[in-house]
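In: Mind looking at a prediction? Sequence and model below.
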Amino acid sequence: MGTAQSSAYTAAYATLQAMLTGKQKPDFRHAVFVVENAWFDNTRNEALFQQQLSTAAQTCQQMVQQRNLQQHRTAGNWAIFMWMTQKVPQNNNQPFRYDFADFTGKENFAHTFVTRAIQDHTGNCLSLPLLYKCLAQQVGVEARLTLGPSHAWIRHLDEEGKWANVELTSGQLPSDGLLMTELGISTEAIKSGAYFKALSEQEALAFLLTQLALGYEHKFGHLDAFTERCTDLSLAYFRPNVVAYMLKANYLAHKAQRLLASKKTTRAELDALHRQYVVYQTKLRTLGANTLSAQTYAQWVSLMQKRPAK
C-alpha cells in the first residue's frame, strides 16, 4: 500500500475523529465527502459536491414555497422525498433509480457512494438515505439515519410528533411493523439499539467510520490496524454498531488465516485470537444482529418497488 493512498484514509479518519471529539464542528455533508474522497486518493472536488447539494436543496425549498407549505415543519422532508422518489418537473421526471446491477459495490465500490448518487441519480440502500440526510441538513429539517440488517433508511418526526419511516429504495413510507417483518428485525435488536434506532448526529458520524473501514478493505483487499482504529473509535460513540463488530470479527479471522499461512505462529497465539473472535460473535448475538444475503435483499427491494404506495 502506497504512502499517498494510506495518507488519504488517515486524513479522513482524522477529520471524523476531530468532529467526534469536539475539535472540529460536526458537518455530516463534509464527513460523507471525506470518507468517499479517500477512496479516490483525495482527488475529488468538494466544492462541486457541495454545489450539487445546494442546488438540489434550493429546488426542494422552491417546491415548498410553490405549494405554500412553509408553515409545516416537515415540508422540507416532503420536498426531498418527492424530488428523490417521484416523477416531478423539478427532477425532469427522473427520480433516483436503485442500482440492481451493483448495489453491493462488488464491481465498483464507488457505486455505493453519495457522490455517485447525486451525479447519476442512481444509488443503493445506503447512499440514497445518506444523500437524503445531506439534503436535509442543507434544507434545515430532521433526518435520522436508521439501520436494519444489510439496510438503512431515514426516520423523522411527523407533524403529529410520531416517527415516520422514509424508504428511499422503494419510494415509500412503510410502517414499523412492515419493516420489522420483511427485514427480519428482532425485538432484541431494537432493544439493544442495533437496529431501528434513529441515530443521533454523533452516532451517524461514528457509523461513517465503519464505511471508511469498508472502503479501505475494498480498496486494499484486507483489514489491518487502520480498520481496527476505525472500528474502535466508532464503537466509542456508537456502542451497538453491528458493522463495527462484524469488521472486528472478520479482522481477527483474517489475521489468524495469515498467521497459519505464514507458518510462524503458535497454538497459544491462535487460541487467543479465537477467544477474541468468540467475544465479538457473542456480542453480535446479544445485539440481536442478523444480515440478509444479497439475493434475499434484492428480492425484498423488488417486492417493495412493486407494492403500491400507501
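Out: Yep, it's here.

In: Please count neighbours and contacts with C-alpha atoms only from this point.
Out: OK.

In: pLDDT wise, what is residue 6 at?
Out: The confidence metric pLDDT takes the value 83 at residue 6.

In: got it, and residue 256?
Out: What the model reports as pLDDT for residue 256 is 85.

In: neighbours of it, just the number please.
Out: 19 (other C-alpha atoms under 10 Å).

In: Then residue 267?
Out: 9.

In: From here on, call the first residue 40.
Out: Let's use 40 as the start, then, which means that last one is residue 306.

In: Torsion angles phi and psi at it?
Out: Backbone torsions for residue 306, taken as degrees, to the nearest 10, come to phi -60, psi -40.

In: Could I get the CA-only coordinates of stretch 183-195 as CSV?
Out: Output for stretch 183-195, consisting of C-alpha atoms alone and laid out as CSV, is shown next (Å, rounded to 0.1, in the frame of the first residue of the first chain):
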residue,chain,number,x,y,z
ARG,A,183,-32.1,10.5,11.3
LEU,A,184,-30.1,7.6,9.7
THR,A,185,-31.6,4.3,10.8
LEU,A,186,-30.1,0.8,10.3
GLY,A,187,-31.5,-2.6,9.7
PRO,A,188,-30.0,-5.9,8.6
SER,A,189,-28.0,-5.0,5.4
HIS,A,190,-30.1,-1.9,5.0
ALA,A,191,-30.6,1.7,6.0
TRP,A,192,-33.4,4.3,5.8
ILE,A,193,-34.4,7.6,7.3
ARG,A,194,-36.7,8.4,10.2
HIS,A,195,-38.0,11.8,11.3
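
In: now that stretch, how far from the centre of its chain.
Out: Taking the mean C-alpha point of stretch 183-195 and that of its whole chain, the gap between them comes to 8 Å (C-alpha atoms, centre = their mean, to the nearest Å).

In: again, but for stretch 206-220
Out: Distance of stretch 206-220 from the chain centroid (C-alpha atoms, centre = their mean) equals 17 Å.

In: can you check stretch 308-321 too?
Out: Stretch 308-321 has its C-alpha centroid displaced from the chain centroid by 27 Å (C-alpha atoms, centre = their mean).

In: likewise stretch 232-249?
Out: Here stretch 232-249 shows a centroid-to-chain-centroid distance of 9 Å under the convention C-alpha atoms, centre = their mean.

In: distance between the ends of it?
Out: Start to finish, the residues bounding stretch 232-249 are 17 Å apart (C-alpha to C-alpha, to the nearest Å).

In: what's it in contact with?
Out: 52, 55, 59, 67, 70-71, 74, 183-188, 193-195, 224, 228-229, 269-270, 272-274, 276-277, 279-283, 326-328 (C-alpha atoms under 8 Å, 6 or more residues apart in numbering).

In: again with stretch 69-83
Out: In this structure, residues lying in contact with stretch 69-83 by C-alpha under 8 Å, 6+ apart are 43-44, 47-48, 51, 54-55, 85, 88, 149, 152-154, 244, 247-248, 250-251, 254-255, 258.

In: May I have that stretch as PDB, with CA atoms only?
Out: What follows is stretch 69-83 as a C-alpha-only set of coordinates in PDB (Å, rounded to 0.1, in the frame of the first residue of the first chain):
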ATOM      1  CA  HIS A  69     -18.300  17.200   4.700                       C
ATOM      2  CA  ALA A  70     -17.900  13.900   6.600                       C
ATOM      3  CA  VAL A  71     -19.600  12.000   3.800                       C
ATOM      4  CA  PHE A  72     -17.400  13.600   1.200                       C
ATOM      5  CA  VAL A  73     -14.000  13.000   3.000                       C
ATOM      6  CA  VAL A  74     -14.900   9.300   3.500                       C
ATOM      7  CA  GLU A  75     -15.700   8.900  -0.200                       C
ATOM      8  CA  ASN A  76     -12.800  11.100  -1.300                       C
ATOM      9  CA  ALA A  77     -10.300   8.800   0.500                       C
ATOM     10  CA  TRP A  78     -11.300   6.100  -2.000                       C
ATOM     11  CA  PHE A  79     -10.200   8.500  -4.800                       C
ATOM     12  CA  ASP A  80      -6.900   9.400  -3.000                       C
ATOM     13  CA  ASN A  81      -8.300  12.900  -2.300                       C
ATOM     14  CA  THR A  82      -8.600  13.800  -5.900                       C
ATOM     15  CA  ARG A  83     -12.300  14.800  -6.000                       C
END
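
In: For that stretch, the averaged confidence score.
Out: So the average pLDDT for stretch 69-83 ends up being 97.
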